[in-house]
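Enquirer: Give me a model of this one.
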Amino acid sequence: MRNVLLTTAAFVTQTAASATSATEPLSPTSIFAPVSTPADGIFQLSLFVLAITTAIFVIVVGLMAYAVVRFRRRTDDGVEPTPVFGSYQVELAWTIVPVLIVVALFLATARVIASMQHPPKPPDALDVVVIGHQYWWEYRYPALGVVTANELHVPVSDPAHPRPTFLTLLSADTDHSFWVPRLAGKTDLIANHPNSMWIDPHETGVYLGQCAQYCGTQHAKMLLRVYVDSREDFDRWIEGQRRPAQVVGAVAHGRHVFESTACVNCHAVGGTAAQGRFGPDLTHFMSRDTIASGAAPNTKENLRLWLRDPDALKPGSRMPAMNLSETDVNAVADYLESLR
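Expert: Reported below is the predicted structural model:
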């Protein structure tokens, strides 16, 4: 229960931070405020289904109310009603009408699914490889030579000049699911079975999501943050990510501790001996707003707590406690804070 409450608190914190204007929806994960074509297709389909089911509900309840009022028992009514055996009209109605409703729903759903699975791909479309890990996200931009983690950056797509983002979904271990409700529907990541999806966000901002497939102890804290940047901001972000890590300040001791412990077995830092691939790439660690896959803001206090005891911040995390001294914890934190 404590873990559930902590997860809820972390998610609410992200929700509040993402509410940047009065036009933002009450929930940052609402399907009723789509900003991308796939999400809008799902939204429009849901309205269509809701309209049909509402009409069915109103008709059925109306007929029931009519029957209750029209044929209610009266004190002076002692005569049995004349029985009616068989009615071709009624039987045809309750057969044909449901069939037509099912066919309409099937065709509408098939149209939306087809448009999502076979979209046109412009020459300048962005390709990103998404790899789900327990319990974090790895993002690779093959054509741009960028590797990052947990915070996905994509360019905004102008409807007049669309630039969609195509995601190739892979899993490094068990099943995961990529779900950012305002951008697209839920799509699974399955080990040894590549999957794909696409988004074309029309508005800049930060869009939150969640791994929607139970993947282990920390499934609830495997959060998603998608940053939709203007094209100029996205190009600047890519340029910054492609540069070697810029170490600022006197952090030689922290770097030595980092490179002389098991940190280098899991993490990579461009231009150094750290080339691990089991954990997130830390080359531009301080360009990220959160740590632990969105579980906490990227602050000095949280970073030191994460290094000292990962389970205190994210119980069940795959990152082990390195049992560093307080001096080494501070030194490694200073080193990580220099990676920009």
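Enquirer: contacts and neighbour counts: CA atoms only from here.
Expert: OK.
Enquirer: all helices of the stretch 151-300 of the chain, in order?
Expert: For the stretch 151-300 of the chain, applying DSSP state H, counting those that start in this stretch gives helices covering 231-242, 252-260, 263-266, 300-308.
Enquirer: Adding mean pLDDT as columns, could you present those in JSON lines?
Expert: Listed next are the helices of the stretch 151-300 of the chain as JSON lines, based on pLDDT from 0 to 100:
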{"stretch": "helix 231-242", "mean pLDDT": "93"}
{"stretch": "helix 252-260", "mean pLDDT": "87"}
{"stretch": "helix 263-266", "mean pLDDT": "86"}
{"stretch": "helix 300-308", "mean pLDDT": "91"}
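Enquirer: Could you identify which of the ones you listed is most buried?
Expert: Most buried of the helices of the stretch 151-300 of the chain by mean neighbour count (mean count of other C-alpha atoms under 10 Å) is helix 300-308; its value is a mean of 18.
Enquirer: Tell me the helix or strand right after that one.
Expert: helix 310-313 (DSSP states H and E).
Enquirer: Let me know the average pLDDT across that following helix.
Expert: Averaged across helix 310-313, the pLDDT comes to 87.
Enquirer: and that helix, what does it pack onto?
Expert: Other elements packing on helix 310-313 under the criterion 3 or more C-alpha pairs under 8 Å, 6 or more residues apart in numbering; DSSP states H and E are helix 300-308.
Enquirer: any low-confidence regions in this structure?
Expert: Within the chain, the stretches with pLDDT under 70 are 1-26, 75-78, 81, 246-249.
Enquirer: Residue 170 is nearest to which of the helices of the stretch 151-300 of the chain?
Expert: Shortest separation from residue 170 across these is recorded for helix 263-266, at 18.8 Å, computed as C-alpha to C-alpha.
Enquirer: coming back round to it: including distance to residue 294, could the helices of the stretch 151-300 of the chain go into JSON lines?
Expert: JSON lines is the format used below for these (distance: least, C-alpha to C-alpha, whole Å):
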{"stretch": "helix 231-242", "distance to residue 294": "19"}
{"stretch": "helix 252-260", "distance to residue 294": "23"}
{"stretch": "helix 263-266", "distance to residue 294": "19"}
{"stretch": "helix 300-308", "distance to residue 294": "12"}
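Enquirer: Which among those helices is found nearest to residue 152?
Expert: Nearest to residue 152, of all the helices of the stretch 151-300 of the chain, is helix 231-242, at 10.9 Å by C-alpha to C-alpha.
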